[in-house]
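Have a look at this prediction, sequence included:
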Amino acid sequence: DATRPGTSPWVVPVTARLHSRHFVKQAGGRGVASAAVHAATGLLAVGQTNGVLALYELPPDMTPGGESVEADAALFAPAPRRAPGDAAPAERERLRLPIAKADPDADAAAGADAPDGLRLVHALSVAAGPISAADVSPDGEWVALASAAAGQLLVWEWRSETHVLKRQSHLLPPVAAAYSPDGRLLASGSDDGRVKLWDAATGVAVATFYDAAAATPVTGLHFSARDVLLAAAADGAVRAYDVRRYRCFRTLVGPRPVRQLGAVAADASGDVVAAGCRSSFEVLVWSLRTGKLLDVLDGHTGAVSAVAFRPGHGGVIASGSWDGTVRVVDVYARGSGAGAVDVLRHTKEVLALAYRPDGRELAVATRDGEVTVWDASASSIVGTIDGRRDVAGGRRRAARTVAPTTGFFRSIAYTADGRFLLGGGDSAFLVVYHAEAGSALRRVERLATTRNVDTDGVVRVLNSGHLPAAGGGPLDLIDAPDDDDVDGTAAAAERDRLP
């Protein structure tokens, strides 16, 4: 009654009552993780915690056209208004409907096909973890399922029992990535031991490589010139994959004891492969054609963090280490005894290095945030970039202080024409420097790869308006920005304008 004070014509108090309960546990699942109903066809899709999808047909009284007017009137009857002291239990007993009691043993024996209950259409295991979300297409033909724990996305056509779409990401965060020479494919490697190939244009995973016998973390990836993907692993092996036939055709193994490998690279021909060791501080060199170990390069006193072949110069290898040095050696000349070693010294640990495409310069990124550019022929410094502030990252979620003001590059690379040097680290920014030969090095761009504040390390400033009062408070609120100033640039500009 909209004329009465305190009432609304749009809100009607009702009491909802349970219609029925059904036991839907399948294949030893612990419980229901998600469910979806298609009302037009009476299809119920139930996703369970053990990754099993169970499809049921609803009884007639639960589908459109099969409802009972009396049942609806009892289920959603207006809440009775009663004076204080009225007998509420009697009123509830009058309106209560019969409830189908759940009997797990009986339902399991009958296949969950009790009279006037759910009829099991079929059940199948579709995910490696709990099905966290489920939905049915508007025509009722396809069922979409997602498993957050397993990183899976699946579209199932239940009538023909076939997959329409099946995608799975890495189970653990990726730690290595590499583009194919033609830019058509992107490879990613993870601590879960899987190497995945992605179509760079569509973002669809086209292949997954996994050695179940080894199952060791992938530590480095590199594409050679022959449609070959090289993957270094923590078990001391480099696996060579044919990206056209989607198979592993060669496994390169080092000497005993097993070395934990990191960075991997190949020469321009794709015949010589080099990988740096994190445990023994060596560089192993193989022939990809024969699979034999050609050489073991020693001399470093720290873990080898980066390896690269000099373009246009055969077997010249540069290896960077945590000992602060880059060692440059020609593996072809070592066999004749004329292979001199050039040692390029830095003040901090070497994290990454990259040759210009013409082979004239070598860029080295170190732990102090600097990028040093060397003349590859004269072994002399031609320029230095102080990128500590450029690559400074955001705050971690557990941190209760502002973000650090300095950072360092974990990866650097030249563009194909050699005019620009790109660097990335523990931040949401990709930094671009103008690095053309003969000109001064300068920053030209700082690109934000994401502005999603839910991503760890994106927000740089503390929101002082959300700081908890003395004695405690909701600390998580200090991570919530009030505006779009994610990296604090606008706030810093405002402070500069103050008198």
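Thanks, I have it. Numbering: from 1, shown residues only.

Identify the residues contacting Asp390.
423, 429, 431, 443, 446 (Cβ atoms under 8 Å, 6 or more residues apart in numbering). For the C-beta atoms, the positions are set from N, CA and C on the backbone; glycine is no exception.

Tell me the spacing between the third one and Pro174.
Computed as Cβ to Cβ, to the nearest Å, the Val431 to Pro174 distance reads 21 Å.

Please apply the same query to the fourth one.
In this structure, Arg443 and Pro174 are separated by 27 Å, where distance is defined by Cβ to Cβ.

Skip the chain neighbours and tell me the closest residue to the most centrally placed residue in the chain.
For the chain, Pro173 is the residue whose C-alpha lies nearest the centre (Cα atoms, centre = their mean; 4.7 Å). Of all residues not flanking Pro173 in the chain, Ser190 sits nearest, at 6.6 Å (Cβ to Cβ, 6 or more residues apart in numbering).

surely the one you found meets Leu172?
Yes: contact criterion Cβ atoms under 8 Å: Ser190 and Leu172 qualify, at 5.0 Å.

Output the lowest mean pLDDT helix or strand found in the chain.
The least trusted helix or strand in the chain, going by mean pLDDT, DSSP states H and E, turns out to be helix 88-95, with a mean of 40.

Where does the prediction get shaky in the stretch 251-400 of the chain?
334-339, 395-400 (pLDDT under 70).

would you list every one of the helices in it?
331-334 (DSSP state H, counting those that start in this stretch).

can you map out the strands along it?
261-266, 272-277, 283-287, 293-297, 304-309, 316-321, 325-330, 342-345, 350-355, 361-366, 370-375, 380-386 (DSSP state E, counting those that start in this stretch).

Work out the sheet partners of the shortest one and label each with its direction, please.
The reference is to strand 342-345. In the sheet containing strand 342-345, its partner strands are strand 325-330 (antiparallel), by DSSP bridges.

quick one: average pLDDT of stretch 38-56?
Rounded to a whole number, the mean pLDDT of stretch 38-56 is 88.

which of the residues in it are buried?
38, 42-56 (16 or more other Cβ atoms under 10 Å).

Ok, stretch 132-143 next?
132, 134-136, 141-143.

ok, Val431 and Pro174, which is more surrounded?
Val431 (23 against 18; other Cβ atoms under 10 Å).

contacts for the strand or helix carrying the more buried one?
Element membership for Val431 (DSSP states H and E) is strand 429-434. Outside strand 429-434, the residues that touch it by Cβ under 8 Å, 6+ apart are 371, 385, 387, 390-391, 409, 419-424, 441-449, 487.

now for the very next helix or strand once past that strand, which elements pack on it?
Per DSSP H and E, the first helix or strand lying C-terminal to strand 429-434 is strand 442-448. Applying 3 or more Cβ pairs under 8 Å, 6 or more residues apart in numbering; DSSP states H and E, we find strand 442-448 packed against strand 429-434.

In the buried residues of stretch 132-143, find the pair that's most separated.
With Cβ to Cβ as the measure, no two of those lie farther apart than Ser132 and Glu141, at 22.3 Å.

I'd guessed Ala176 sits against His222; true?
No: contact criterion Cβ under 8 Å: Ala176 and His222 do not qualify, at 9.1 Å.

so what strands line up beside the strand holding Val431?
Here, using DSSP bridges, strand 429-434 pairs with strand 420-425 (antiparallel), strand 442-448 (antiparallel).

Tell me which of those is the most buried.
strand 420-425 (a mean of 22; mean count of other Cβ atoms under 10 Å).

same question for that strand, mean pLDDT?
92.

Distance from the chain centre to it, please.
21 Å (Cα atoms, centre = their mean, to the nearest Å).

what's the answer for stretch 314-328, then?
30 Å.

what do you get for stretch 227-236?
Per Cα atoms, centre = their mean, the centroid offset for stretch 227-236 relative to its chain is 20 Å.

Show me what it is in contact with.
Contacts of stretch 227-236 (Cβ under 8 Å, 6+ apart): 178, 180, 187, 189, 193, 195, 197, 209, 214, 216-224, 238-244, 253-254, 258-266, 270, 273, 275, 288.

among those, which ones are buried?
Using 16+ other Cβ under 10 Å, the buried ones in those are 178, 180, 187, 189, 193, 195, 197, 209, 216-224, 238-241, 243, 253-254, 259-266, 270, 273, 275, 288.

What residues does the closest residue to Ala176 other than its chain neighbours make contact with?
Closest residue in space to Ala176, ignoring its immediate chain neighbours: Gly189 at 4.1 Å, by Cβ to Cβ, 6+ apart. By Cβ under 8 Å, 6+ apart, the residues touching Gly189 are 174-177, 195-196, 218-221, 231.

related to what we said a few turns ago, and Ser190 and Leu172? which has more neighbours close in?
Neighbour tally, Ser190 and Leu172, criterion other Cβ under 10 Å: the higher count belongs to Ser190, 18 against 13.

State the distance spanning the first to the last residue of stretch 303-316.
20 Å (Cα to Cα, to the nearest Å).
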